[in-house]
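*Asks:* Next comes the sequence, and after it the predicted model I'd like to discuss.
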Amino acid sequence: MNAAPDALLALGFSEIEALVYCCALEAGPVTGYRVAQSIGKAVANTYQAIASLSQKGALIVDDGDRRLVRAVSPKELMATLARRFEANRREAEAALSGLSAAKPDERVYQLQTAEQTFARAREMIAAAKGVVLADLFPDPA
């Protein structure tokens, strides 16, 4: 797979959805059958991906006899995904704010990602009431 489909996978698209979108973007108006042939996937699976992408706002489907599909521009798709993500984020934040957090404990936990580590560090620094002392390796700092 190349960079474009991989980028869509990182945004939550399935492999076939990413391939279908990229094919439709490059080919212009194209039939689902032609997309299936181009990407080497089963026709039924390709049509399912087309329906899913249409629901996500990534493809538009012609209502003519041939049912041609066209990809929306990447800029339009990214704007749609960003708005949807932001709306879902706000909804999740509101739902989660109603839950009570577990009481802190004295156990030691292992953070798995750099993002998780930096987020925890930001939270601890923001909560500090006085001096913050850090023993850091030079590269990450």
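*Replies:* Here it is on my side, so go on. Numbers count the residues shown, from 1 in each chain.
*Asks:* Mind listing what's buried along the longest helix seen in the chain?
*Replies:* As assigned by DSSP state H, the longest helix anywhere in the chain is helix 74-97. By neighbour count on 16 or more other Cβ atoms under 10 Å, the buried set for helix 74-97 is Leu77, Leu81. All C-beta atoms are positioned from the backbone trio N, CA, C, and that covers glycine.
*Asks:* Not counting sequence-adjacent ones, nearest residue to Asn132?
*Replies:* Slight slip there: residue 132 is Val, not Asn. Distances taken as Cβ to Cβ, 6 or more residues apart in numbering put Ile125 closest to Val132, at 5.6 Å, once the chain neighbours are dropped.
*Asks:* now Glu76
*Replies:* Gly57 (8.0 Å).
*Asks:* still on that earlier bit, which helix or strand contains the residue nearest to Val132?
*Replies:* Taking DSSP states H and E as the criterion, Ile125 maps to helix 114-127.
*Asks:* Just give the number of residues close to the residue nearest to Val132.
*Replies:* Neighbour count for Ile125, taken as other Cβ atoms under 10 Å: 10.
*Asks:* Got phi/psi on Arg70?
*Replies:* phi -140, psi 140 (degrees, to the nearest 10).
*Asks:* If it is in a bridge, with which residues?
*Replies:* On the basis of DSSP bridges, Arg70 is bridged to Ile60.
*Asks:* Please determine how far it is located from Lys103.
*Replies:* 54 Å (Cβ to Cβ, to the nearest Å).
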